[in-house]
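1. this is the structure alone, sequence omitted:
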């Protein structure tokens, strides 16, 4: 009990469009890479934890995958609570290893959102009354851009941030994605490109937004005993923090609740820092879950690296670039890597693991030892923060 | 020519026991919120239980059809039920009893300022459904 748990292998396909593959085929490509990297055969995997594939198969996709690959893990589960699911799958696997029930686990996800368009119907209507029916639903056009736009506008009003500042976050992400072979969008862009792109819901424009795409990614977890035996550079999960703050996407039942700063991110980060025994400024590299550029400003402030509005100056000074004070989204983030829904947290973990192993090439943060992964579900009302350590 | 777009999505709780009176209230130009006889709290949106004390001994109370603009966006990309562009506002309802998101009608982008007072306007969108919209002038109950 209470063994440390390490990530010992990672695998992923490039985020994009895979109209001719199945979710299982994509998942197995990621899992095969991850097992190869870990140097562990599939027969030694004790647990298999996944995220929904949006195919309505009530969690039985793990059964299908095991049949397909003739795997017999002792424990299996599909975990979901919105797009935070990738983080929750790792949380469950980590806990099962710490309890001694298993010694190794594969956590994976695969979705083909660009190919099947499940989210086109998301949010409203008989099938999916996601938005509060009396307060949001009549005009809550399907999708979530309008909600993030309301949040972005309020943040700009309170802090003085401009659309140029939002664009600077998109440009930083794209600059990082150019060197990331897993990223969907790798062509350089400028602030002017972002400002000139199509307005979706003001102030959010096309290049302020993440694209829902296909993707598959997997990580292999192991107990410290197994990790030290087979892995040269295990990356340990030092802590996990999580917090849920009630709201139905856009908070409606409390007129005092902020939409420009989020309690769940703050509390999750506080718990993660406390349990890892570190201060926010000790983080060397971070991946944050920001589906729109405005939230590239909000989330780092909530995590505790900057005062409210402090990201404006940080972007102007390049403090979140590789080589800056706190490099954020060194792989392009959701905006440029692309956003295969609940698989996104796995891509974030993989980036941080590679940074902590010193395998990030042009995007490498020198001597990165401590990494942070943030993911969320709902609209930033269910936050998870993970601290990873490479030593 | 294509049929005109509804420009709203039909709420899924129009006929539900705990919300029906709210929607019927809009029909008679009343904005009704729930009041709890268990703990004297007032809350919106309507629910089957008081979110504070979990009592189900609930009544209705009319509040002013007004609010404060908390944020807004000009929606240019929307699902097919909507003509675009349109203005969407998030307002804080009076007396701290919740928020709602609605179309802002008869207003230009340049008129909108966060923190400005707004009023609820009632719009009969169907034979049996009235919705709320946001109006920037302070004329109380509009038509």
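-> Ah, there it is. Quantities reported herein were computed from a predicted structural model and do not represent experimental measurements. Numbers count the residues shown, from 1 in each chain, chains lettered A, B, ... in the order given.

2. centre-most residue in chain A?
-> residue A:345 (3.0 Å; C-alpha atoms, centre = their mean).

3. check which helices and strands the helix or strand in which it is found is in contact with.
-> Under the criterion of DSSP states H and E, residue A:345 resides in helix A:344-357. With contacts defined as 3 or more C-beta pairs under 8 Å, 6 or more residues apart in numbering or on different chains; DSSP states H and E, helix A:344-357 has these neighbours: strand A:5-12, helix A:85-98, strand A:104-112, strand A:214-223, strand A:235-244, strand A:285-287, strand A:370-377, strand A:382-389. For glycine as for every other residue, the C-beta is placed from the backbone atoms N, C-alpha and C.

4. paired strands for the helix or strand of chain B with the lowest mean pLDDT, with orientation please.
-> Least confident element among the helices and strands of chain B, by mean pLDDT, DSSP states H and E: strand B:42-43 (a mean of 94). Sheet pairing for strand B:42-43, assigned by DSSP bridges, gives strand B:31-36 (antiparallel).

5. report the mean confidence score over the strand it pairs with.
-> The average of the pLDDT scores along strand B:31-36 is 96.

6. return the set of buried residues in it.
-> Using 16 or more other C-beta atoms under 10 Å in any protein chain shown as the test for burial, strand B:31-36 gives B:31-36.

7. likewise for stretch A:270-279?
-> So stretch A:270-279, judged by 16+ other C-beta under 10 Å, has buried residues A:270-273, A:276, A:278.

8. equivalent analysis for stretch A:56-70, please.
-> If you call a residue buried by 16+ other C-beta under 10 Å, then stretch A:56-70 has these buried ones: A:61-62, A:64-66.

9. quick check: closest non-adjacent residue to residue 59.
-> All of this is about chain A. Among residues not flanking residue A:59 along the chain, residue A:78 sits closest, at 3.8 Å (C-beta to C-beta, 6 or more residues apart in numbering or on different chains).

10. the chain in question should be chain B.
-> Using C-beta to C-beta, 6+ apart, the nearest residue to residue B:59 is residue B:35, at 4.9 Å.

11. list, one by one, the residues from the stretch 251-391 of chain A near chain B.
-> Contacts of the stretch 251-391 of chain A with chain B, taken as C-beta under 8 Å from any C-beta of the partner chain, map to A:251-256, A:259.

12. can you go through the residues you listed and name the buried ones?
-> By 16+ other C-beta under 10 Å, these give A:251-255, A:259 as buried.

13. biggest separation within those residues, which pair?
-> Pairwise distances across these (C-beta to C-beta) peak at 13.3 Å, for the pair A:253 and A:259.

14. and chain B, what are its domain boundaries?
-> B:13-63, B:64-143 (automatic domain parsing).

15. how about those domains, which one is nearest residue A:341?
-> Per C-beta to C-beta, nearest to residue A:341 of the domains of chain B: domain B:64-143, 18.4 Å.

16. any idea how far that closest one is from the middle of the chain?
-> Here the centre of domain B:64-143 is set off from its chain's centre by 8 Å, with C-alpha atoms, centre = their mean, to the nearest Å.

17. which residues in chain B form helices?
-> Assigned by DSSP state H, chain B shows helices spanning B:20-27.

18. just for it, where's the confidence low?
-> Low-confidence segments of chain B, defined by pLDDT under 70: B:1, B:138-143.

19. tell me who's in contact with the residue nearest to residue A:59.
-> The contact partners of residue A:78, by C-beta atoms under 8 Å, 6 or more residues apart in numbering or on different chains, come to A:49-52, A:59, A:61-62.

20. nearest to chain B among the residues you listed?
-> For those, the minimum distance to chain B (C-beta to the nearest C-beta) is 22.1 Å, reached by residue A:52.

21. need the contact list for the nearest residue to the closest one once chain neighbours are set aside.
-> Distances taken as C-beta to C-beta, 6+ apart place residue A:80 nearest to residue A:52, at 4.9 Å, with adjacent residues excluded. By C-beta under 8 Å, 6+ apart, the contact list for residue A:80 reads A:51-52, A:88, A:342.

22. all helices for the stretch 151-300 of chain A, in order.
-> A:163-177, A:191-196, A:224-230, A:263-276, A:293-303 (DSSP state H, counting those that start in this stretch).

23. what's the longest one packed up against?
-> Pointing back at helix A:163-177 there. Where contact means 3+ C-beta pairs under 8 Å, 6+ apart, helix A:163-177 is packed against helix A:145-159, helix A:191-196, helix A:293-303, helix A:310-317, helix A:333-337.

24. dump those to JSON lines, plus mean pLDDT and mean neighbour count.
-> Shown next, in JSON lines, are the helices and strands packed on helix A:163-177 (pLDDT from 0 to 100; neighbours: other C-beta atoms under 10 Å in any protein chain shown):
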{"stretch": "helix A:145-159", "mean pLDDT": "97", "mean neighbour count": "23"}
{"stretch": "helix A:191-196", "mean pLDDT": "98", "mean neighbour count": "16"}
{"stretch": "helix A:293-303", "mean pLDDT": "98", "mean neighbour count": "27"}
{"stretch": "helix A:310-317", "mean pLDDT": "98", "mean neighbour count": "18"}
{"stretch": "helix A:333-337", "mean pLDDT": "98", "mean neighbour count": "30"}
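
25. quick one, which of those gets closest to residue A:233.
-> Closest approach to residue A:233 among those (C-beta to C-beta): helix A:333-337, 22.7 Å.

26. other SSEs contacting the closest one?
-> helix A:163-177, helix A:293-303.

27. which residues are in contact with it?
-> Outside helix A:333-337, the residues that touch it by C-beta under 8 Å, 6+ apart are A:15, A:169-170, A:173-174, A:176-177, A:180, A:182-186, A:207-210, A:287-293, A:296, A:329, A:331, A:344, A:347.

28. looking at chain A, which helix or strand is least sure?
-> Going by mean pLDDT, DSSP H and E, chain A bottoms out at helix A:113-116, a mean of 89.

29. list the buried ones in it?
-> A:113-114.

30. what do you get for stretch A:163-171?
-> So, applying 16+ other C-beta under 10 Å, buried residues of stretch A:163-171: A:163, A:165-171.

31. please identify which of the residues you listed is nearest to residue A:238.
-> Of these, the one sitting nearest to residue A:238 (C-beta to C-beta) turns out to be residue A:169, at 27.0 Å.

32. what pLDDT does the model give that closest one?
-> 98.

33. hmm, it is touching residue A:296, no?
-> Yes - assessed by C-beta atoms under 8 Å, residue A:169 is found in contact with residue A:296 at 3.6 Å.

34. who touches both of these two?
-> A:290, A:311, A:335.

35. which residues of the stretch 51-200 of chain A lie near chain B?
-> Residues of the stretch 51-200 of chain A lying near chain B by C-beta under 8 Å from any C-beta: A:120, A:124-126, A:129, A:132-143, A:145-146, A:149-151, A:153-154, A:157, A:198-200.

36. give me the PyMOL select line for those, limited to the buried ones.
-> The following PyMOL line selects those of these that are buried, judged by 16+ other C-beta under 10 Å:
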select buried, chain A and resi 124+125+129+132+133+134+135+136+137+138+139+140+141+142+143+145+146+149+150+151+153+154+157+199+200
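
37. among the residues of the stretch 51-200 of chain A next to chain B, name the ones in strands.
-> Those of these mapping onto strands are A:199-200, per DSSP state E.

38. how many other residues sit next to residue 13?
-> No chain in the question, so chain A it is. Neighbours of residue A:13 under the rule other C-beta atoms under 10 Å in any protein chain shown: 22.

39. meant chain B, my bad for not saying
-> Residue B:13 has 18 nearby residues by other C-beta under 10 Å.

40. equivalent analysis for the one 3 residues further on, please.
-> Residues contacting residue B:16 under the criterion other C-beta under 10 Å number 15.

41. now it, what are its backbone angles?
-> With angles defined as degrees, to the nearest 10, residue B:16 sits at phi -80, psi 140.

42. which residues touch residue 114?
-> No chain was given, so I picked chain A. Contact partners of residue A:114, counting by C-beta under 8 Å, 6+ apart, are A:16-17, A:211-214.

43. my bad, chain B
-> So residue B:114 contacts A:153-154, A:157, B:69-72 (C-beta under 8 Å, 6+ apart).
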